[in-house]
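In: Here's my sequence, what's the structure:
(one chain, ligands or ions: 2)
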Amino acid sequence: MTMLSIRNLEAGYGSLKVLRGLSLEVPRGRVVALLGGNGAGKTTTMNAIAGLLPAAGGEIRFEDRELRGLPSHRVFARGIALVAQGRALFAEMTVRENLELGALAARSRPDIVALTEDVFRRFPRLRERVEQRAASLSGGEQQMLATGRALMSRPSLLLLDEPTTGLAPIIVSELGRIIRELNAGGLTILLVEQNVRMALQVADEVYVMRNGEIVLHGAAAELQNSDEMFSSYLG
Ligand SMILES: Nc1ncnc2c1ncn2[C@@H]1O[C@H](COP(=O)(O)OP(=O)(O)OP(=O)(O)O)[C@@H](O)[C@H]1O
Ligand SMILES: [Mg+2]
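Out: Ligands and ions are numbered 1, 2, ... in the order given. So this is what the prediction gives:
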């Protein structure tokens, strides 16, 4: 059963057309990876889904309702949380304050204490640093905080835009494990990555995009052994 269905999506910046008829589907309960090189249009896709960038054409259907044209706070209220590329934390605010800002959606505000506790259980290092400023955290901890903040809204679909950029291999594996755990708990995930190996390990399905279009789609298990084919698309 499809949770998110994107058809012929067109979006860009002024006269620059970046997405030229992009189509992809995210089935409920799955982890879907969207891969592609620098400038392929991955972040543009995520921002269009999240309502941060107006789409010029096409459809974005979530739970069988049209999202296109909704402002970002209404997309968020429907249960889609974006962990932006670069993490977009409030650098001068503490870990706790950043998490609380994630619970602004009406449906999670009453449960802020329990939700914070859930995040700390999942990311014990955040508990130890709860009164520290976000800027003082390591890159891995910042990614965990950005992910934790998104979870505070109790999303049904989590959008992760290049969570592993700049992180040490051991932290990349830890994040991979956390993504699998979140998915096992029922969360549907759209993961943008340039780390092909990591994405193939955590995703059920993979899309590869280039120049604003999907050029390859398949089950991660089938594409595991075709690294060469991947590199030819990802270059
Ligand atoms: N705010 C903007 N204004 C103008 N052009 C932009 C803007 N953001 C992105 N672009 C352009 O749109 C194209 C796609 O960018 P996008 O950020 O979606 O790529 P990406 O696949 O996320 O790349 P990366 O892996 O480097 O993050 C690029 O050519 C980029 O220069
Ligand atoms: Mg990007």
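
In: Now do the same contact list for K17.
Out: Taking CB atoms under 8 Å, 6 or more residues apart in numbering as the contact definition, K17 lies against E10, A56, G212. Just so you know, the C-beta spots here come from the backbone N, C-alpha and C atoms, and that holds for glycine as well.

In: Could you check stretch 34-46 and say which residues are buried?
Out: Buried positions in stretch 34-46, judged by neighbour count with 16 or more other CB atoms under 10 Å: L34, L35, G36, A40, G41, K42, T43, T44, T45, M46.

In: Out of those residues, which two are the most distant from each other?
Out: Pairwise distances across the buried residues of stretch 34-46 (CB to CB) peak at 14.6 Å, for the pair L35 and T44.

In: ok now do the residue nearest the centre of the chain, which residues does it touch?
Out: To find the centre residue of the chain, average its C-alpha atoms and take the closest one (CA atoms, centre = their mean): that gives L160, at 1.7 Å. Under the criterion of CB under 8 Å, 6+ apart, the contact partners of L160 comprise V83, T147, I179, I189, L190, L191, V192.

In: The buried residues of stretch 34-46 also near ligand 1: which ones?
Out: The overlap between the buried residues of stretch 34-46 and the neighbours of ligand 1 (CB under 6 Å from any ligand atom) comes to G36, A40, G41, K42, T43, T44.

In: Now, these that are in helices?
Out: Among those, DSSP state H puts K42, T43, T44 in helices.

In: Quick one: the helices in this structure, in order.
Out: Counting by DSSP H, the chain has these helices, from start to end: 42-49, 72-77, 95-102, 112-122, 124-128, 139-151, 169-184, 196-202, 220-223, 227-234.

In: Surely D161 touches I49?
Out: No. Taking contacts as CB atoms under 8 Å, D161 lies outside contact range of I49: 10.4 Å.

In: which neighbours do the two share?
Out: When contacts are counted by CB under 8 Å, 6+ apart, D161 and I49 are jointly contacted by L82.

In: Point out where the protein drops to low pLDDT.
Out: 105-108, 227-235 (pLDDT under 70).

In: need the residues of it near ligand 2, please.
Out: Of all the residues in the chain, those in contact range of ligand 2 (CB under 5 Å from the ion) are K42, T43, Q85.

In: I'd say the last one and L159 touch.
Out: No. The pair Q85 / L159 is not scored as a contact, 10.4 Å apart, by CB under 8 Å.

In: Looking only at neighbour counts, state which of those two leads.
Out: Just comparing Q85 and L159: by other CB atoms under 10 Å the higher neighbour count belongs to L159, 24 against 16.

In: so who does the residue nearest to the more buried one when sequence neighbours are not counted touch?
Out: Taking CB to CB, 6 or more residues apart in numbering, and ignoring the residues beside it in sequence, L159 has L82 as its nearest neighbour in space, at 4.4 Å. Neighbour list for L82: M46, N47, I49, A50, L52, A150, L159, D161 [criterion: CB under 8 Å, 6+ apart].

In: What is the nearest of these to ligand 2?
Out: The shortest distance between ligand 2 and any of the contacts of L82, using CB to the ion, involves D161 and amounts to 6.0 Å.

In: what about the closest one, how many residues close to it?
Out: By other CB under 10 Å, 24 other residues sit near D161.

In: how close does it get to ligand 1?
Out: Here the criterion is CB to the nearest ligand atom, to the nearest Å. By it, D161 lies 7 Å from ligand 1.

In: How about V113?
Out: 36 Å.

In: same deal with R74?
Out: Spatial separation of R74 from ligand 1 under the definition CB to the nearest ligand atom is 22 Å.

In: Please name the residues that touch that residue.
Out: By CB under 8 Å, 6+ apart, the contact set of R74 is G51.

In: quick thing: my sequence starts at 37, can you match it?
Out: Done: numbering now begins at 37, and the last item shifts to R110.
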